[in-house]
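J.: Sequence first, predicted model second:
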Amino acid sequence: MSIRISNYHRYYWFCLILIYCLQIVPIQASTVELNQVYELDEAVFLQGLELDEQGRLIISTGLYGESMLGEISPENGHISTLDTLEDHYFGEGITFSPNSLWQLTWQEQTVMKRDPNTFVIIEKFPMQEEGWGLAYDPHRNVLWHSDGTDKIYQRNPDNFNKIDALQVTEHGKPVDLLNELEYANGAIYANIWYSTDIVQINPETGEIMQRFDLAPLLDSTMTTEELEAIDSLNGIAHIDGNRFYITGKLYPYLYEVTLCP
């Protein structure tokens, strides 16, 4: 005697097996481990955060009349000024390429190319989009540039010419307000404006692979008054492996964290 199995029964047994497997191997959530907290001697409107080859922690700050390039000393929290921007420039993201330090401006349609050792401006280049975040990708030899939309742009690391654009999505839906960027571990890490999440983006597809929620860390390390005084999370600098420096606009602290997939 032969038994005929209907499509309904096949689907029924498939669902049972799937549920069983999910119970055996639960999906692991991304976590953030706090390694160290450094108190800063002043709260700045931070727009970019980057480690150079000498281990110096370089920052870019915003606001008209207050924008500057600076350096944070994590040991004592001191912030020193390396260069100030002209009053009509609003400083934004920064990144190091092999022979340059790049610094974006917000709505001035200008990006500055600096000497990576002296920080002197070598040249200025025009751009069509706003400047938000910036990261160098050594595997593709391109700069990644965000402008607050759901797109990030590939730029030539010599002259900032646009090469291509990549739409960022999560479960097929566009994700916008992409801000400060960092390239590490074969992926693009990004802050999202007025979010406590850091997202990890696949540079081939634009799909978000992981989210890291910093809200518990901020809540556990800041007072109510400090939380009310800060602006958005906006600073990612890769140290090594899964270790990063993290901070934000008007933050009183610099954090060393491990972003655990």
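T.: Happy to help now that I have it.
J.: any idea which element the residue lying closest to Ile163 once chain neighbours are set aside lies in?
T.: Spatial nearest neighbour of Ile163, excluding adjacent residues (CB to CB, 6 or more residues apart in numbering): Gln154 at 4.2 Å. C-betas here are computed from N, CA, C, even on glycine. Assigned by DSSP states H and E, Gln154 belongs to strand 151-155.
J.: Give me the buried positions along the very next helix or strand once past that strand.
T.: Counting by DSSP H and E, the next helix or strand C-terminal to strand 151-155 is strand 162-167. Neighbour-count burial for strand 162-167, counted by 16 or more other CB atoms under 10 Å, picks out Leu166.
J.: Begin at 466 from now on, thanks
T.: Sure thing, new numbering starts at 466, so read that last one as strand 627-632.
J.: Now do strand 627-632 against strand 616-620: the angle between them, please.
T.: Interaxial angle of strand 627-632 relative to strand 616-620 (axes from the mean of the first three to the mean of the last three CA atoms, to 10 degrees): 160 degrees.
J.: Apart from its neighbours in sequence, what residue is nearest Asp641?
T.: Asp615 (4.1 Å).
J.: Count the residues that sit near that neighbour.
T.: 18 (other CB atoms under 10 Å).
J.: same check, this time on Arg676
T.: Arg676 has 14 nearby residues by other CB under 10 Å.
J.: residue contacts, it?
T.: Neighbouring residues of Arg676 by CB atoms under 8 Å, 6 or more residues apart in numbering: 495, 662-665.
J.: let's see it at 10 Å
T.: Taking CB atoms under 10 Å, 6 or more residues apart in numbering as the contact definition, Arg676 lies against 494-495, 635, 657, 660, 662-665.
J.: tell me the pLDDT at it?
T.: pLDDT, Arg676: 96.
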